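Q: next comes the sequence, and after it the predicted model I'd like to discuss.
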Amino acid sequence: MLSARVLTSVKRSFQPTAVSSLGTTVRGLANRAWEVEIEHGRGEWKTYGNIGTFKEGKHRITTFNKISPKGLARFDEEKYDVKAGEGGQAVNAHAILLRSHKLQEEEVAHTVRAIARCGAGTNNVPVPRMTELGIPVFNTPGANANAVKELVLCGMLLGSRRVVDGINHMKDLGAQGLAKERVEKDKSMFGGRELKGKTLCVLGLGHIGASTARDAVALGMDVTGYDPGLSVSSALKLPREISLMDSIASAVSDADYISLNIPYIKGSPEEGGTHGIIGSDVIDNFKSDAVLLNFARGELVDSDAMKQFLDSGDGRYVSDFPDDALWDHKNAVILPHLGASTGEAEDAAAAMAAETIRDFLENGTIQNSVNFPQTKLPAPEGVRITVVNKNQPGMLAQITDTFAKANLNILQQINQSRGDIAYNVIDIDPAGDNGDHVSLKELQQEVTMLDGVINSRILFGTPGAGFAVNRDGQYFV
């Protein structure tokens, strides 16, 4: 193990035309150059990981699950050291990338600044706890939208005609040597209907829902939709032919097909969640032969209510999630979570996650986060510092006053909040009153140890250095 008492002063000339790998120019003032001193390595950190895999001077990325090599290639080898998390090879990570791995808090070292999931859902990440620790959790909305949309279209066809039953029947006949003899006689057992002219209801009009609606219109279907949280940007992606409804009940009442594309939120609908949101009160509004397509989350559907519906008529249920109550029902088709299982989707999600992590680590930018506010400051001017704090009155004033007391001028800044968390990106003039040398060691400790501050970062100099944490009143840097 590395010594937990390593004190390093990092000095680096501040050049007016230093350019990061993301194309962001760091501009000096009056073409001057300064030495900026920061601290790295003081405090009893939880762990530095395996000494055999530790590489100082690089951002360390831990991956869980198999992450697309095309996505990981977005990390510049000069700045990043990427290691698989299994086996404890990179437990001292600065960021974590994962897919379906159920992340435990003990796998998140004190050194971790960010977590990104290569996918839309983040149910496998303890998001509330990460928020308390000041760690942004990112996802990749839209990266797998086309893959899921294509499977939804496939699901409509599977629900329209008994394709799966027909395939299984032909296998049985083939085993008996009767396929050619019986095929014409038996095909009437598997009749169905066409999609053209039918009505599709899309519940949830985000990336996947909007894309599904557009393609359904192209297939000659009528489309209705419902999304109480519809944003302007999402609305602009909808086909003009769609009819928006004011409730789930009204949206599904005349639909031949219902595509479920809403996020899963723990808790019942009465509690503000979406667990079992498709229950008997909604299903009672279905047409008797409606087809429900669930490529969102299995927990959204009340299985008992759905079974009662399937038992009572000619309705169908096509789901991409295991279901103990419906797996062998004659009117159900249960798939093994294939929605985003394409090479293209995995490449796109990994690439988006990698770019998001890079932009955060190198520039402090927050985008596609499920727990932090969207935050972006223009290209760095001077030395960039980020501060994560509790969203409580007076914090911004305390932070800026600390810079003022150090005689450091703030060139530009942004402060955003979301729920209980606030995030600041601040560019300072590194000259101060000390000519060509400025030490930020004491300043960072003073800012970080303010009551309510969770962590801070100085985005300058050696990759990975300049990260400080206030953990229960103890200072780690």
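A: Arrived safely.
Q: output the below-cut-off pLDDT ranges for the stretch 51-200 of the chain.
A: Counting by pLDDT under 70, the low-confidence segments of the stretch 51-200 of the chain come to 51-56, 86-91.
Q: tell me where it has strands.
A: Assigned by DSSP state E, counting those that start in this stretch, the stretch 51-200 of the chain shows strands spanning 59-63, 80-84, 95-98, 114-117, 137-138, 199-203.
Q: got those as JSON lines, with mean neighbour count columns?
A: Glycine gets a C-beta too; all of them are placed from N, C-alpha and C. Listed next are these as JSON lines, based on neighbours: other C-beta atoms under 10 Å:
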{"stretch": "strand 59-63", "mean neighbour count": "25"}
{"stretch": "strand 80-84", "mean neighbour count": "20"}
{"stretch": "strand 95-98", "mean neighbour count": "27"}
{"stretch": "strand 114-117", "mean neighbour count": "26"}
{"stretch": "strand 137-138", "mean neighbour count": "24"}
{"stretch": "strand 199-203", "mean neighbour count": "26"}
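Q: I'd like those strands as TSV, with distance to Leu361 appended.
A: What follows is the strands of the stretch 51-200 of the chain, written out as TSV (distance: least, C-beta to C-beta, whole Å):
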stretch	distance to Leu361
strand 59-63	6
strand 80-84	9
strand 95-98	6
strand 114-117	7
strand 137-138	11
strand 199-203	37
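Q: and those strands: which comes nearest Ile167?
A: strand 199-203 (24.6 Å; C-beta to C-beta).
Q: for that closest one, the distance to its chain's centre please.
A: Distance, stretch centre to chain centre, for strand 199-203: 25 Å (C-alpha atoms, centre = their mean, to the nearest Å).
Q: now stretch 278-296
A: Relative to its chain's centre, stretch 278-296 lies at 28 Å (C-alpha atoms, centre = their mean).
Q: now it: buried residues?
A: Buried residues in stretch 278-296, defined by neighbour count with 16 or more other C-beta atoms under 10 Å: 278-279, 282-283, 285-287, 290-296.
Q: same deal with stretch 302-317?
A: For stretch 302-317, burial by neighbour count (16+ other C-beta under 10 Å) applies to 302-303, 305-307, 309-310, 315-317.
Q: got the buried residues of stretch 278-296 as TSV, with distance to Leu200 columns?
A: Shown next, in TSV, are the buried residues of stretch 278-296 (distance: C-beta to C-beta, whole Å):
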residue	distance to Leu200
Ile278	16
Gly279	21
Val282	16
Ile283	17
Asn285	16
Phe286	13
Lys287	12
Ala290	11
Val291	9
Leu292	12
Leu293	9
Asn294	14
Phe295	13
Ala296	15
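Q: closest to Arg117 out of the residues you listed?
A: Among the buried residues of stretch 278-296, Ala296 lies closest to Arg117 (C-beta to C-beta), at 15.9 Å.
Q: relative to Gly142, how far out is that closest one?
A: To Gly142, Ala296 is 15 Å away according to C-beta to C-beta, to the nearest Å.
Q: likewise for Thr224?
A: For Thr224, the distance to Gly142 - C-beta to C-beta - is 23 Å.
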